[in-house]
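Participant: Sequence isn't available, so here's the structure alone:
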């Protein structure tokens, strides 16, 4: 059972299938993005997308996520989408990544279908893989360039590719030491930039343009009886696939903030397809030469539009006042008439062979509609600014009037409160003055009492001085008498001390003499004992 469903059916008119919409609706408000694949038919893009979708090897065999054929006949018709997205959690949010595989380009001489597929995928996918054999050639670049200028950049309902990533997978490259096996190869990109002079178109219109080099798989992969075993693909090819998957994982994280819900993407698919189907570039079959000439005109109209954008911006450098609206409209209409006239002369300034003036009409009408819409939008913005300014002014006037009224009421209330406070303070002052008057009477009485007390103190001081003088005389007399007695006592004490010292010396002398006599008697006694 296939694990992918038809997303874009190339019926008349082309349509988004109900089955694909139902799958997206199942995931509701969860965020999702599309990883799409495009490139020449029969160069293995469906096989590579099936391998990339199967990130780890749950089984020995490769699942046919997208239908793969053999030989020179193209298998994929339209655009297919995986039934189940791969889920990644980035910054706490769930991101559902749906893989898209498209019908091979250049399978027929009809460019209309190719243009629709490439424009559609560039419009809905922030990450696109463009599969080429060995290296990018001028036809591949022109295919992307035509669809960028005619189908996407000039389509207001399509996402802007300057926020997208384009990965060029170069298949069947010889294995070399600098190949990096699937990793983004900066050196190879620089080499391609030197060799392909028109590569700048892609570099200008994509946020990132990367090159991933793949070696040739084992030859058994190209056989109708391919075993579908991983081991038969070739280790170098599988290593390159794993490295590219790692690079893709890093890119997914860059788009988590810009990713929208699955439900919204379901709506956007129909909106983008409807917008593209109205584009003359997609509606009619074109030859390579016609596409190239149309793109040349589109570039001219884009330059003219940018010039109109720059010049009309200057007419709005006026005061934001209602009287200037008529001036802005008048000046804008002058520019509009001037550039409308210039649009009619674009065709006459070029010598063309593949297209005629009628082929330019859709581009010219789109240009005229764009500059008219741009001018109208700017006038509306200017009028809106004036309305907003006047509304703000009226609001400010109302607020000012309200403020003045509130201020006057507040001042009036403050004045009343102030007068009440003054009256209250006046009463308090009168009461305080009364207290002061009463205190002065009391103070006079206290002053008299104080003077009387002061006189009494002076009398007491005089009496105290007399008593003190008498006491001092008596004390001096007593002190003199006592001093004489003490002096006599001290003399007597010193005499007694001398007497005592004298008696002590005499005592010590008698003691020594007595000890000598005792010693002499001991010797005599000892001598008598010996004689006996």
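Facilitator: On my side now, so go ahead. Since we're looking at a predicted model, the values are computed, not measured.
Participant: C-alpha only now, for contacts and for neighbours.
Facilitator: Fine.
Participant: contacting residues around stretch 296-303?
Facilitator: Identification of contacts with stretch 296-303 by C-alpha atoms under 8 Å, 6 or more residues apart in numbering yields 149-150, 343, 346-347, 360, 363-364, 367.
Participant: and those residues as JSON lines, adding distance to residue 307, secondary structure and neighbour count?
Facilitator: JSON lines is the format used below for those (distance: C-alpha to C-alpha, whole Å; DSSP: H, G, I helix; E, B strand; the rest coil; neighbours: other C-alpha atoms under 10 Å):
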{"residue": "149", "distance to residue 307": "18", "secondary structure": "helix", "neighbour count": "20"}
{"residue": "150", "distance to residue 307": "19", "secondary structure": "helix", "neighbour count": "24"}
{"residue": "343", "distance to residue 307": "12", "secondary structure": "helix", "neighbour count": "20"}
{"residue": "346", "distance to residue 307": "14", "secondary structure": "coil", "neighbour count": "16"}
{"residue": "347", "distance to residue 307": "18", "secondary structure": "helix", "neighbour count": "18"}
{"residue": "360", "distance to residue 307": "20", "secondary structure": "helix", "neighbour count": "18"}
{"residue": "363", "distance to residue 307": "17", "secondary structure": "helix", "neighbour count": "22"}
{"residue": "364", "distance to residue 307": "15", "secondary structure": "helix", "neighbour count": "21"}
{"residue": "367", "distance to residue 307": "12", "secondary structure": "helix", "neighbour count": "21"}
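Participant: Lowest-confidence member of those, which is it?
Facilitator: Of all the contacts of stretch 296-303, residue 347 carries the smallest pLDDT score, 68.
Participant: low pLDDT regions in the protein?
Facilitator: Scanning the chain for pLDDT under 70 picks out 1, 55-60, 62, 68-76, 106-112, 153-162, 220-228, 347-352, 530-532.
Participant: count of neighbours near residue 333?
Facilitator: By other C-alpha atoms under 10 Å, the residues close to residue 333 number 15.
Participant: Please identify which helix or strand holds it.
Facilitator: Taking DSSP states H and E as the criterion, residue 333 maps to helix 325-345.
Participant: Give me the nearest residue to residue 77, chain neighbours excluded.
Facilitator: Leaving aside its sequence neighbours, residue 77 sits nearest to residue 103 (C-alpha to C-alpha, 6 or more residues apart in numbering; 4.9 Å).
Participant: ok, that neighbour touching residue 81?
Facilitator: No: the criterion here is C-alpha atoms under 8 Å, and residue 103 misses it with residue 81 at 11.9 Å.
Participant: So for the helix holding residue 333, what gets flagged as buried?
Facilitator: 325, 328-329, 332, 335-336, 339-340, 343 (16 or more other C-alpha atoms under 10 Å).
Participant: Switch those residues over to CSV; also include distance to residue 511.
Facilitator: What follows is these, written out as CSV (distance: C-alpha to C-alpha, whole Å):
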residue, distance to residue 511
325, 149
328, 149
329, 152
332, 152
335, 154
336, 156
339, 156
340, 159
343, 160
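Participant: closest to residue 96 among those?
Facilitator: If you rank the buried residues of helix 325-345 by distance to residue 96 using C-alpha to C-alpha, residue 343 comes first, at 44.9 Å.
Participant: related to what we said a few turns ago, distance from the helix holding residue 333 to the middle of the chain?
Facilitator: 42 Å (C-alpha atoms, centre = their mean, to the nearest Å).
Participant: Need the contact partners of it.
Facilitator: 301, 304, 308, 312, 315-316, 364, 367-368, 371-372, 375, 379, 382-383.
Participant: do stretch 87-94 as well
Facilitator: In contact with stretch 87-94 (C-alpha under 8 Å, 6+ apart) are residues 30-31, 95-97, 253, 256.
Participant: In strands, which of those residues appear?
Facilitator: Mapping the contacts of stretch 87-94 onto strands (DSSP state E) picks out 31, 95-97.
Participant: Among those residues, the buried ones, what's the ChimeraX command?
Facilitator: Buried subset of those, written as a ChimeraX selection, criterion 16+ other C-alpha under 10 Å:
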select :31,95,96,97
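Participant: so what are the domain limits for this protein?
Facilitator: Here the domain parsing of the chain from automatic domain parsing is 4-279, 302-406.
Participant: of those domains, which approaches residue 291 most closely?
Facilitator: When the domains of the chain are compared for distance to residue 291 using C-alpha to C-alpha, the nearest one is domain 4-279, at 6.7 Å.
Participant: any idea which helix or strand carries residue 80?
Facilitator: strand 79-82.
Participant: Which other helices and strands does that strand contact?
Facilitator: The contact analysis (3 or more C-alpha pairs under 8 Å, 6 or more residues apart in numbering; DSSP states H and E) places strand 79-82 against strand 4-9, strand 93-102.
Participant: now those strands in a markdown table, with distance to residue 425?
Facilitator: Below are those laid out as a markdown table (distance: least, C-alpha to C-alpha, whole Å):
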| stretch | distance to residue 425 |
| --- | --- |
| strand 4-9 | 90 |
| strand 93-102 | 71 |
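Participant: hmm, back to that, partner strands of the strand holding residue 80, parallel or antiparallel?
Facilitator: strand 4-9 (antiparallel), strand 93-102 (antiparallel) (DSSP bridges).
Participant: buried residues in the shortest one?
Facilitator: Buried residues in strand 4-9, defined by neighbour count with 16+ other C-alpha under 10 Å: 4-8.
Participant: Following the chain onward from it, which element is next?
Facilitator: strand 15-16.
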